[in-house]
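Trainee: Requesting a structural model of the entry that follows:
(one chain, ligands or ions: 1)
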Amino acid sequence: MGRLDADGQAGATLRSVMACFPTGVTVVTTRDAQGAPMGLTVNAFTSVSLEPPLVLICIGRSTGSHDRLIASGGFAVSVLSEGQADIARRFARQPSDGRFEGVAWWQTPSGNPVIEGVTAWLDCSIEEVMEAGDHTIILGCPQSCGSSDTPALLFHRGALTSVRP
Ligand SMILES: Cc1cc2nc3c(=O)[nH]c(=O)nc-3n(C[C@H](O)[C@H](O)[C@H](O)COP(=O)(O)O)c2cc1C
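Mentor: The predicted structure is shown next:
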């Protein structure tokens, strides 16, 4: 137990505590103003509401994707499957050029890229954007979605693993 404001290391402490909470791993994608596919690895993704349907993602304000993603008006979420740890690393690496090179993907009716072989996917329009510290909470309304039986990739204590025991 510890007070976050007492050790001067609040960011590092919070990060290591939150790392104990297992999440799935997604690649959030859209198209930039020139129509080129772009995307980044995101684990801050969650369901918000069923009626109306809403999900959220949290995007760092200092990421290269931040402004272009919001300007695009929509995004797709590819929920990565257990064999896609390399995709999670690739879409988190800098520089961002060439992230889609050699990666199979298809496009939703709205044109957003979805990675081939994922556990699930959603295509969303942006409903609301809320500043939240060094991140922005983006509320998305799913327009179409799908899923498969493939087990998901898991992020826990800094490691990319599988939901299989
Ligand atoms: C497992 C994992 C989860 C991540 N989750 C997020 C996230 O939820 N939000 C975010 O802004 N960045 C997240 N990142 C970091 C971005 O993927 C990374 O900063 C990326 O290089 C940003 O690319 P960009 O600058 O081209 O936008 C995550 C990285 C990893 C490896």
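Trainee: Quick check: which element contains residue 56?
Mentor: strand 54-60 (DSSP states H and E).
Trainee: What of residue 89?
Mentor: Residue 89 belongs to helix 85-90 when assigned by DSSP H and E.
Trainee: do the same with residue 153
Mentor: Assigned by DSSP H and E, residue 153 falls within strand 153-156.
Trainee: so what strands line up beside whichever helix or strand comes after that strand?
Mentor: Next along the chain after strand 153-156, taking DSSP H and E as the criterion, comes strand 159-162. Partner strands and pairing direction for strand 159-162 (DSSP bridges) are strand 153-156 (antiparallel).
Trainee: Now do the partner strand: distance to the chain's middle.
Mentor: Put simply, strand 153-156 sits 13 Å off its chain's centre (Cα atoms, centre = their mean, to the nearest Å).
Trainee: Mind exporting the C-alpha coordinates of whichever strand or helix holds residue 17 to PDB?
Mentor: According to DSSP H and E, residue 17 maps onto helix 10-18. What follows is helix 10-18, C-alpha atoms only, in PDB (Å, rounded to 0.1, in the frame of the first residue of the first chain):
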ATOM      1  CA  ALA A  10       3.300   8.700  -9.000                       C
ATOM      2  CA  GLY A  11       3.500   7.900 -12.700                       C
ATOM      3  CA  ALA A  12       5.800   4.900 -12.300                       C
ATOM      4  CA  THR A  13       3.800   3.600  -9.400                       C
ATOM      5  CA  LEU A  14       0.400   3.900 -11.100                       C
ATOM      6  CA  ARG A  15       1.900   2.300 -14.200                       C
ATOM      7  CA  SER A  16       3.100  -0.800 -12.300                       C
ATOM      8  CA  VAL A  17      -0.100  -1.100 -10.400                       C
ATOM      9  CA  MET A  18      -2.200  -0.900 -13.600                       C
END
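Trainee: does the ligand sit close to that helix?
Mentor: No - when contact is scored as Cβ under 6 Å from any ligand atom, no part of helix 10-18 falls within range of the ligand; the minimum is 10.8 Å. (C-beta placed from N, C-alpha, C; glycine too.)
Trainee: How about stretch 38-48?
Mentor: Yes - applying Cβ under 6 Å from any ligand atom, one finds stretch 38-48 in contact with the ligand at 40-44.
Trainee: end to end, how far does that stretch reach?
Mentor: By Cα to Cα, to the nearest Å, the extent of stretch 38-48 from end to end equals 25 Å.
Trainee: Grab the nearest non-local neighbour of the most centrally placed residue in the chain.
Mentor: Taking Cα atoms, centre = their mean, the centroid of the chain lies closest to residue 42, which sits 2.7 Å from it. Nearest non-adjacent residue to residue 42, counting by Cβ to Cβ, 6 or more residues apart in numbering: residue 28, 4.6 Å away.
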